[in-house]
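S.K.: using only what follows, build the 3D model:
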Amino acid sequence: MEFLNDRNRPIDLLRYAGLFAWLCASVPLLLRFWYAEPLGTEQYMAWWILHLVFGFTYWNQVRSLPVRTSLPHRLLIVSVLTVSALGVCLVAQTSLGGLLLLIVAGLLPWILPVAMALAWLIGQNVLLVMVLDRITEFSLSDAMTTGGLFLAISLFAFMSGVVALRQNMARDELRKVNSELRATQALLADNTRIAERVRIARELHDLVGHHLTALTLNLEVAT
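M.R.: Here you go, the predicted structure:
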């Protein structure tokens, strides 16, 4: 069970899983030199920029989860991620940005409240259908089918993020309770030591008093 120790917390697993998915989404960019390029140079540059903006924003935020900044700042974060992913679809003329939206889906519970995150998840997939509909290779039915598939997988990633978040919260609560228990144990140990010292002091006091009384009587008799 070494894989599940403290060095492999849900946050770390989510962090590296998202990074791996982002790297997989960059494969077409890296392979563009080995096949005919249907896109122009400007489109490829825009694709690279959007892909790197997404990766930088994602990695910058997953280093400290859950995000505890102000709500406008968190909304700005998910906006940058969502717009970058949709922009990749638009400039690359593929549904590849949907893979990036899956990363956003797993990250949403760690950034926004659950109800707001779920609404954002549905909204970004609706926007994905609208973007795919503008691509020449996709008809409206194709766009809706692809969007529905991405929505289903996004819901799975979203619920996985919710479960991981709750597990992380439970671990924090358990760690807090354990710390309080240790403090209580230390306090009880201190009280026990103090009570023992008081008992010993009382016994010594009684013993010394008894001896002093006996010594006083003996002195009086001797006198």
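S.K.: just checking, what packs against the longest helix anywhere in the chain?
M.R.: For the chain, the helix that runs over the most residues, judged by DSSP state H, is helix 140-222. Contacts defined by 3 or more Cβ pairs under 8 Å, 6 or more residues apart in numbering; DSSP states H and E place helix 140-222 against helix 10-25, helix 97-111, helix 114-133. Backbone N, C-alpha and C define where each C-beta goes, glycine included.
S.K.: now that helix, how far from the centre of its chain.
M.R.: Relative to the centre of its chain, helix 140-222 is centred 26 Å away, using Cα atoms, centre = their mean, to the nearest Å.
S.K.: for stretch 61-72, same thing?
M.R.: Computed by Cα atoms, centre = their mean, the chain-centroid distance of stretch 61-72 equals 9 Å.
S.K.: which residues touch C89?
M.R.: Residues near C89 by Cβ atoms under 8 Å, 6 or more residues apart in numbering: S95, L96, G97, G98, L128, V131, L132, I135.
S.K.: need the three-state assignment for it.
M.R.: Taking DSSP: H, G, I helix; E, B strand; the rest coil as the rule, one finds C89 in the helix state.
S.K.: please renumber so the chain begins at 844
M.R.: Okay, residue one is now 844; in that scheme the one you just asked about reads as C932.
S.K.: what's the pLDDT at it?
M.R.: Per-residue pLDDT puts C932 at 88.
S.K.: report how many residues lie close to H894.
M.R.: Other residues lying near H894 total 24 when counted by other Cβ atoms under 10 Å.
S.K.: name the element it belongs to?
M.R.: helix 884-905 (DSSP states H and E).
S.K.: what packs against that helix?
M.R.: On the basis of 3+ Cβ pairs under 8 Å, 6+ apart, helix 884-905 makes packing contacts with helix 853-868, helix 870-873, helix 914-935, helix 940-954.
S.K.: other SSEs contacting the first one?
M.R.: Using 3+ Cβ pairs under 8 Å, 6+ apart as the contact definition, the elements that helix 853-868 packs against are helix 884-905, helix 940-954, helix 983-1065.
S.K.: which helices and strands sit right next to the second one?
M.R.: Applying 3+ Cβ pairs under 8 Å, 6+ apart, we find helix 940-954 packed against helix 853-868, helix 884-905, helix 914-935, helix 957-976, helix 983-1065.
S.K.: now, of the helices and strands packed on helix 853-868, which is deepest in the fold?
M.R.: helix 940-954 (a mean of 24; mean count of other Cβ atoms under 10 Å).
S.K.: distance from it to the middle of the chain?
M.R.: Taking Cα atoms, centre = their mean, one finds helix 940-954 lying 12 Å from the centre of the chain it belongs to.
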